[in-house]
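Asker: return atomic coordinates for the entry below.
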Amino acid sequence: MRPTRVAAAVTRWKEGRRCPQSVLFDFQEKKGTITGPTLTPLNRLLFKISQGSYYAIRIPLLRSGFKRVQRDSCVPCNVVWRRPFSIGKNDPDLSEDAEDSGNVYLHPTHPQQWVNHFPGSFVHLGSKDGMYKCIRKMNKKFGSAFDITPKTWVLPEDYQELHNYLNSNPDKEVILKPARGSCGRDIEVVRGLNPKILRLLTYATAPSPPPEEQTQLPKKPRLRHRKWVVQSYIDPPSLINERKYDIRLYVAVTSIRPLVAYVFKEGLVRFASEKYETHNRLSQLTNSSLARKREATLRKNDPSVVSMSEKTSEVLYEPVQPPPALKEPKEAWQVTSRSDKATNDDSDPSWPRFKWSLSELKQHIESNFGTESWDSIWSGTKNVILKSLICSERPISKNLITHDSGEVYTNQGFELFGFDIMIDENNKPSLIEVNCIPSLESSSNMDWLVKCGSVTDLFNMLNIQPFTRGTAEDLATRATLDEHREHIRTLESHLIAIEKGETCDKQGNPLPTASYINESLPSLQSEVRRLSKIVAASDAKKPKINHPWDPQQFALRISDEVNNCGGYEPIFPTKEAILENAKFFEGSPSESRNRELWEAMGLKSV
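Answerer: Below is the predicted model:
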């Protein structure tokens, strides 16, 4: 969904206990002081996005006076939104010294820069196989306290165990998922040792063929993944009007060591595209992408079929009146959805038929089953989220060790995770998967408010401040290097267009000749190499960033985060969460820091 109007960029400021004035973000109007630090070309507010250029990310930044730079810009930015880190590879947003026993020594490029990933978060939490391995380790150590997912096997490692389970339970259904897949691609629901899963087990356990034989592999999409996750089916699941659903929640982690986490109090409830029945893939999977594909298929086969968001003959549920708090939202996270309208105009195409807001689910459960049922679901969901973060915190923290002092990369990293939760008929929540790069694309007003609200309030919690980027001469060199790189990309794209027989670019301007491009590229590439050496030498002279651990200062930082959390709810550290989970940090690399922070915050563990 594209916003209909973007207000003029105005940088507003807020103050906290620990930091001086920091930027106030908003995608709706918020009150904040206009006066603040003087911004110059040396300390202007910059951001770059190398993956997931969603409006929900860009609009809050642009409205707050930020300027976007190229994805490969060498100018240090205040905010970097990028793909997960590739440990052990050259990375423009981190500098690396050495590798030792699997730990990578990392240095952020500037002490006030914020990067949207912790190194290793995808491997140990965002990938299905890595997440289940971490949970399994804690389950073996602490028992049923970490029974937070359905029974799961990772192929090919658990081949024999899965084979034995299906052989002895021929009527049990399991879900097959690619370990690194997304959007419902290649997911299957099967029963027992049927031919599909036997073929998959055979392929998953076969040795990798030599490169020259790779082209002879089966071309079936299901078999192109080397690693698979097999999950026991939650049966019976919780249903609403005979449809299965899951919940997408957004979780912000502003520090791993010590662990600091928040959950957004609004979320998305995604329904299956057909009424629940066994042996029906579309009635058992709740991915929004599958629902959209289902709609597209119906409309292709029968042009008279109207959009599912416009259907009036078969609505998903009878809309209930929203609670008073939803009629006049006071915060960005309080969603204005279809049921907020005074009329039941089912022709409104902005309401997605296969989604509710979390507020609507809460209202439905409280109306039909009582407040206690919802309280049980919500507390259980927060427990599942926290337990999964505790499982992955141990291995992720090993990737955060910086230089010789042993300090940890915590001040510049944050995460916005997308947690997928499913409820069974007994109201027990289970973790299905976690997304390190959740989709923030908006297809409706409800999507926009939830996703943009979660991003905006996350930026506010970070208390982002301007910083000076060296000398004017150094900044000019970096800007020139960025311009040359952009010019090279433009010329190369023109060359490709000429080879295709095109004569004009996308704006209708005539393309230069191929001979002109071939003459210009070598000199530009040579200049880029020269400037890159100058920038690299300048970066090498900068002192390494060191953040001395001070639990009192960190406690003040968390106090500022809580004051600016908006629609987020703190889930750790809180008094109740510490009393219940402190024992699970024993032996963790972060145990001492967590306990020192809890002491500084006045939250003592048992």
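
Asker: for the rest of this, base every contact and every neighbour count on C-alpha atoms.
Answerer: Will do.

Asker: return the helix or strand in the chain with minimum mean pLDDT.
Answerer: For the chain, scoring each helix and strand by mean pLDDT, DSSP states H and E identifies helix 324-327 as the least confident one, at a mean of 36.

Asker: quick one: name whatever helix or strand follows that helix.
Answerer: Once the chain leaves helix 324-327, the next helix or strand it forms, by DSSP states H and E, is strand 355-357.

Asker: please name every helix or strand in contact with that next one.
Answerer: strand 268-271 (3 or more C-alpha pairs under 8 Å, 6 or more residues apart in numbering; DSSP states H and E).

Asker: partner strands of the strand it packs on, parallel or antiparallel?
Answerer: If you go by DSSP bridges, strand 268-271 pairs up with strand 243-255 (antiparallel), strand 355-357 (antiparallel).

Asker: so how far is the last one off the chain centroid?
Answerer: With C-alpha atoms, centre = their mean, to the nearest Å as the basis, strand 355-357 stands 19 Å off its chain's centre.

Asker: which is the next helix or strand following that strand?
Answerer: Downstream of strand 355-357, the first helix or strand assigned by DSSP H and E is helix 358-369.

Asker: now do the SS call for the residue of the chain most remote from its centre.
Answerer: In the chain, Ser515 marks the outermost C-alpha relative to the chain mean, sitting 44.8 Å out by C-alpha atoms, centre = their mean. Classification of Ser515 using DSSP: H, G, I helix; E, B strand; the rest coil returns helix.

Asker: quick one: low-confidence parts of this structure?
Answerer: 1-8, 27-36, 85-109, 180-186, 194-226, 276-353, 399-411, 543-547, 605-606 (pLDDT under 70).

Asker: coming back round to it: out of the strands paired with strand 268-271, which is the most enclosed?
Answerer: Compared across the strands paired with strand 268-271, strand 243-255 shows the largest average neighbour count, a mean of 24 (mean count of other C-alpha atoms under 10 Å).

Asker: contact partners of stretch 47-58?
Answerer: With contacts defined as C-alpha atoms under 8 Å, 6 or more residues apart in numbering, stretch 47-58 is touched by 2-3, 61, 66-73, 77-83, 437, 439-442, 448, 451-452, 455-456.

Asker: sorry, wrong one. I was asking about stretch 143-156.
Answerer: Counting by C-alpha under 8 Å, 6+ apart, 129, 132, 135, 138-139, 159, 161-162, 201, 204-205, 227-234, 384, 387-388, 429-432 sit against stretch 143-156.

Asker: and that stretch, how far out from the chain middle?
Answerer: Using C-alpha atoms, centre = their mean, the offset of stretch 143-156 from its chain centre is 22 Å.

Asker: now the terminal residues of it, how far apart.
Answerer: One end of stretch 143-156 to the other measures 24 Å (C-alpha to C-alpha, to the nearest Å).

Asker: before we move on, what about stretch 568-579?
Answerer: Start-to-end, stretch 568-579 (C-alpha to C-alpha) is 21 Å.

Asker: pull out the buried members of the contacts of stretch 143-156.
Answerer: Among those, the ones that count as buried by 16 or more other C-alpha atoms under 10 Å are 129, 132, 135, 138-139, 162, 201, 204, 227-234, 384, 387-388, 429-432.

Asker: look up how far Leu491 lies from Lys506.
Answerer: Lys506 is 13 Å from Leu491, by C-alpha to C-alpha.

Asker: is Pro60 in contact with Val23, as I believe?
Answerer: No: the criterion here is C-alpha atoms under 8 Å, and Pro60 misses it with Val23 at 10.9 Å.

Asker: which ones are touching Gly80?
Answerer: Let me fix one detail, which is that residue 80 is Val and not Gly. Phe47, Lys48, Ile49, Ser50, Gln113, Trp114, Val115, Asn116.

Asker: can you count the residues close to the nearest residue to the fifth one once chain neighbours are set aside?
Answerer: With C-alpha to C-alpha, 6 or more residues apart in numbering as the measure, Asn78 is the residue that lies nearest to Gln113, at 4.7 Å, once sequence neighbours are left out. Residue neighbour count, defined by other C-alpha atoms under 10 Å, stands at 23 for Asn78.

Asker: surely Asn78 touches Ile464?
Answerer: Yes: the pair formed by Asn78 and Ile464 meets the contact definition of C-alpha under 8 Å, at 7.3 Å.

Asker: residues shared between the contacts of those two?
Answerer: Joint contacts of Asn78 and Ile464 (C-alpha under 8 Å, 6+ apart) are Gln112, Trp114.

Asker: residue contacts, Pro237?
Answerer: Here Pro237 is in contact with Lys244, Met422, Ile423, Asp424, Glu425 (criterion: C-alpha under 8 Å, 6+ apart).

Asker: what's the answer for Tyr132, then?
Answerer: Thr152, Val154.

Asker: pretty sure it is in a helix, no?
Answerer: Yes: under three-state DSSP, Tyr132 falls within a helix.

Asker: from one end of stretch 540-551 to the other, what's the distance?
Answerer: 31 Å.

Asker: for Trp450, give me phi and psi.
Answerer: To be clear, residue 450 is Val; Trp isn't right here. Dihedral pair for Val450: phi -70, psi -50, per degrees, to the nearest 10.

Asker: I'd guessed it sits against Glu266; true?
Answerer: Yes: with contact defined as C-alpha under 8 Å, Val450 reaches Glu266; the gap is 6.5 Å.

Asker: between those two, who's got more neighbours?
Answerer: Ranked by neighbour count (other C-alpha under 10 Å), Val450 and Glu266 place Val450 first, with 28 against 24.

Asker: from Gly65, how far out is the more buried one?
Answerer: 22 Å.

Asker: with Ile432 instead?
Answerer: 38 Å.

Asker: next: Asn518.
Answerer: Applying C-alpha to C-alpha to Asn518 and Gly65 gives a distance of 39 Å.

Asker: higher neighbour count, these two?
Answerer: Gly65 (18 against 13).

Asker: hang on, the more buried one in a strand?
Answerer: No: applying three-state DSSP, one finds Gly65 to be coil, outside a strand.

Asker: contact partners for it?
Answerer: So Gly65 contacts Ala9, Val10, Thr11, Leu45 (C-alpha under 8 Å, 6+ apart).

Asker: of those, buried ones?
Answerer: Judged by 16+ other C-alpha under 10 Å, buried ones among the contacts of Gly65: Thr11, Leu45.

Asker: which ones are touching Asp505?
Answerer: Contacts of Asp505 (C-alpha under 8 Å, 6+ apart): His494, Ala497, Leu511.

Asker: show me where the stretch 451-600 of the chain has helices.
Answerer: With DSSP state H, counting those that start in this stretch as the criterion, the stretch 451-600 of the chain has helices at 472-499, 514-541, 551-563, 575-581, 591-600.

Asker: can I get the ones you listed in CSV including distance to Glu393?
Answerer: Shown next, in CSV, are the helices of the stretch 451-600 of the chain (distance: least, C-alpha to C-alpha, whole Å):
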stretch, distance to Glu393
helix 472-499, 36
helix 514-541, 31
helix 551-563, 18
helix 575-581, 13
helix 591-600, 11
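
Asker: and of those, who's closest to Leu259?
Answerer: helix 591-600 (7.0 Å; C-alpha to C-alpha).

Asker: in that closest one, what's buried?
Answerer: Of the residues in helix 591-600, Glu591, Arg593, Asn594, Arg595, Glu596, Leu597, Trp598, Ala600 count as buried by neighbour count, 16+ other C-alpha under 10 Å.

Asker: I figured the first one hits Phe585, correct?
Answerer: Yes: applying C-alpha under 8 Å as the test, Glu591 and Phe585 come out as touching, 5.4 Å apart.

Asker: list the residues that contact both of the two?
Answerer: By C-alpha under 8 Å, 6+ apart, no residue touches both Glu591 and Phe585.
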